[in-house]
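S.K.: What shape does this take:
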Amino acid sequence: MLRQASWSDLPEWPAEDPSQAWDAFLIGCRALVKQDAWRNICTVADSIQRPDRETARRFFESSLTPYQVVDAEGSEEGLITGYYEPLLRGSRKRSARYRHPLYGVPDDLLVVDLTEVYPELKGLRLRGRLDGRRIVPYYDRGQIELGQAAIRGREIVWVDDAIELFFLQIQGSGRIALEGGETLRIGYADQNGHPYRSIGRLLVERGEMPLEKASMQGIQAWARANPARVTELLNQNASYVFFRELPAELTGPLGALGVPLTERRSVAIDSRFVPLGAPVYLATTWPLSSRPLNRLMLGQDTGGAIRGAIRADFFWGFGPEAAREAGRMRQPLRMWVLLPKPFKIQDPASGIQGAAPR
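M.R.: This is a model prediction of the structure:
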């Protein structure tokens with residue numbers, strides 16, 4: 001649900017510098033300008049050259065209305081985690097060292113979109129495969145790894161570390177440093193349709209590690225200490241991501257909006273509740289800290305594990321610091337979405353209470 005608010009409701013909004021989010025907003029406008037509700041706003045924004053702090057603030061306050069995101073029970077608090085763009089080592093050819101493949105989309109994966117028949121299912125696509133004349137669920141992670149899917153010949157590259165590849169699938173995009181010095185940028189192409197299951201939570205449930213250690217770094221350490229058990233653990237998450245090679249000149253990984261993400265200004269949201277591409281204001285804390293992190297961001301991505309109204313995934317960027325912060329981030333969150341004046345507010349029971357006319 002979206003509940004109309006005022007700018008004074010946003011924690012530390014007067015202290016925020018909206019000009020720092022300006023470039024990310026303009027990048028998102030490449031997609032948003034195609035929507036009627038955003039067209040005029042994006043056109044005006046494009047004409048403003050490098051606004052200072054107060055110019056950017058006046059623009060957002062005069063063009064947009066803040067709405068607080070609340071869940072079905074009326075709660076204002078949710079969860080924020082973090083993600084980043086990892087760097088893996090790989091090769092175009094399989095070898096004893098590079099033996100874990102990244103696959104493109106297999107030929108037998110079917111995507112079923114029922115929106116035209118069932119409008120209430122907007123945004124929901126089913127994945128499956130043909131079994132005779134029936135459409136059945138697609139193969140799970142373990143079956144894909146065993147070669148049961150039509151994946152032969154769909155290898156993009158091979159990497160040297162199965163657990164790093166698993167986390168690459170969770171992040172959705174990354175870079176591969178190849179032998180010889182070339183670096184590939186790869187991104188999400190599709191998914192097998194199975195729900196994501198947290199292996200960190202599973203390790204906690206099994207008593208393998210305490211909850212406070214169930215970070216990306218903690219899981220990686222467990223995997224290094226238990227190499228013979230890694231495959232069994234990873235297969236507990238039936239979800240499997242397929243990739244595509246992206247242009248090397250991109251400034252960042254491509255998000256679900258179809259534009260490059262901006263480090264520390266792009267965020268993944270659940271587009272059933274928050275319109276994809278909209279500016280959002282986050283009120284949370286820095287990872288493993290009580291220090292406030294209140295920031296204007298752009299909801300330019302989605303994720304299989306990002307489910308729920310007050311749920312977000314903070315994009316930290318590329319490099320060791322980004323990996324460290326992303327792996328540690330799991331904090332309470334309050335969130336506001338900033339929408340154009342033409343945005344129409346609908347029945348709260350419909351999830352997103354407003355939908356931009358197209």
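S.K.: burial of residue 33, as a residue count?
M.R.: Using other CB atoms under 10 Å, residue 33 is surrounded by 16 other residues. For the C-beta atoms, the positions are set from N, CA and C on the backbone; glycine is no exception.
S.K.: Does it touch residue 40 like I think?
M.R.: No: in this structure, residue 33 is not within contact of residue 40 by CB atoms under 8 Å, at 9.3 Å.
S.K.: can you pull the contacts of residue 16?
M.R.: Contacts for residue 16 were tallied using CB atoms under 8 Å, 6 or more residues apart in numbering; they are 10, 281, 294-296.
S.K.: what residue ranges in the stretch 101-250 of the chain score low on pLDDT?
M.R.: 118, 120-124 (pLDDT under 70).
S.K.: the strands in it, which residues?
M.R.: 110-113, 125-131, 134-137, 155-159, 173-178, 183-191, 241-246 (DSSP state E, counting those that start in this stretch).
S.K.: Sheet partners, orientation included, of the second one?
M.R.: In other words, strand 125-131. strand 110-113 (antiparallel), strand 134-137 (antiparallel) (DSSP bridges).
S.K.: need the ones you listed in a markdown table with mean neighbour count and distance to residue 244, can you?
M.R.: Converted to a markdown table, the strands paired with strand 125-131 look like this (neighbours: other CB atoms under 10 Å; distance: least, CB to CB, whole Å):
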| stretch | mean neighbour count | distance to residue 244 |
| --- | --- | --- |
| strand 110-113 | 12 | 15 |
| strand 134-137 | 12 | 23 |
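S.K.: Of these, give the one that comes closest to residue 14.
M.R.: Closest approach to residue 14 among those (CB to CB): strand 110-113, 44.1 Å.
S.K.: how about the CA coordinates for the closest one, as PDB?
M.R.: This file holds the C-alpha atoms of strand 110-113, laid out as PDB (Å, rounded to 0.1, in the frame of the first residue of the first chain):
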ATOM      1  CA  LEU A 110       9.100 -21.700 -21.700                       C
ATOM      2  CA  VAL A 111       7.900 -18.400 -20.400                       C
ATOM      3  CA  VAL A 112       4.100 -18.200 -20.000                       C
ATOM      4  CA  ASP A 113       2.500 -14.700 -19.600                       C
END
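S.K.: Wait, a helix at residue 263?
M.R.: No: going by DSSP: H, G, I helix; E, B strand; the rest coil, the assignment for residue 263 is coil, not a helix.
S.K.: How about it: what's its closest non-neighbour residue?
M.R.: residue 317 (2.7 Å; CB to CB, 6 or more residues apart in numbering).
S.K.: from what I can see the one you found touches residue 266, true?
M.R.: No: with contact defined as CB under 8 Å, residue 317 does not reach residue 266; the gap is 9.2 Å.
S.K.: more neighbours, these two?
M.R.: Shown here are residue 317 and residue 266; by other CB under 10 Å, residue 266 has more neighbours (28 against 20).
S.K.: pretty sure the more buried one is touching residue 24, no?
M.R.: Yes: contact criterion CB under 8 Å: residue 266 and residue 24 qualify, at 6.1 Å.
S.K.: got any residues that touch both of the two?
M.R.: Contacts common to residue 266 and residue 24, judged by CB under 8 Å, 6+ apart, are 297-298, 300.
S.K.: Adding neighbour count, write the residues you listed out as JSON lines.
M.R.: Shown next, in JSON lines, are those (neighbours: other CB atoms under 10 Å):
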{"residue": "297", "neighbour count": "24"}
{"residue": "298", "neighbour count": "29"}
{"residue": "300", "neighbour count": "32"}
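S.K.: nearest to residue 168, of those residues?
M.R.: residue 300 (19.5 Å).
S.K.: Find the helix or strand that the closest one is a member of.
M.R.: strand 292-301 (DSSP states H and E).
S.K.: returning to that earlier point: the strands paired with strand 125-131: which one's closest to residue 185?
M.R.: The nearest among those, by CB to CB, is strand 110-113 at 23.8 Å.
S.K.: picking up where we left off before, tell me which of the strands of the stretch 101-250 of the chain lies nearest to residue 2.
M.R.: Going by CB to CB, the one of those nearest residue 2 is strand 125-131, 24.0 Å.
S.K.: roughly how far apart are the residue nearest to residue 263 and residue 328?
M.R.: 15 Å (CB to CB, to the nearest Å).
S.K.: again with residue 62
M.R.: Counting by CB to CB - residue 62 and residue 328 are separated by 37 Å.
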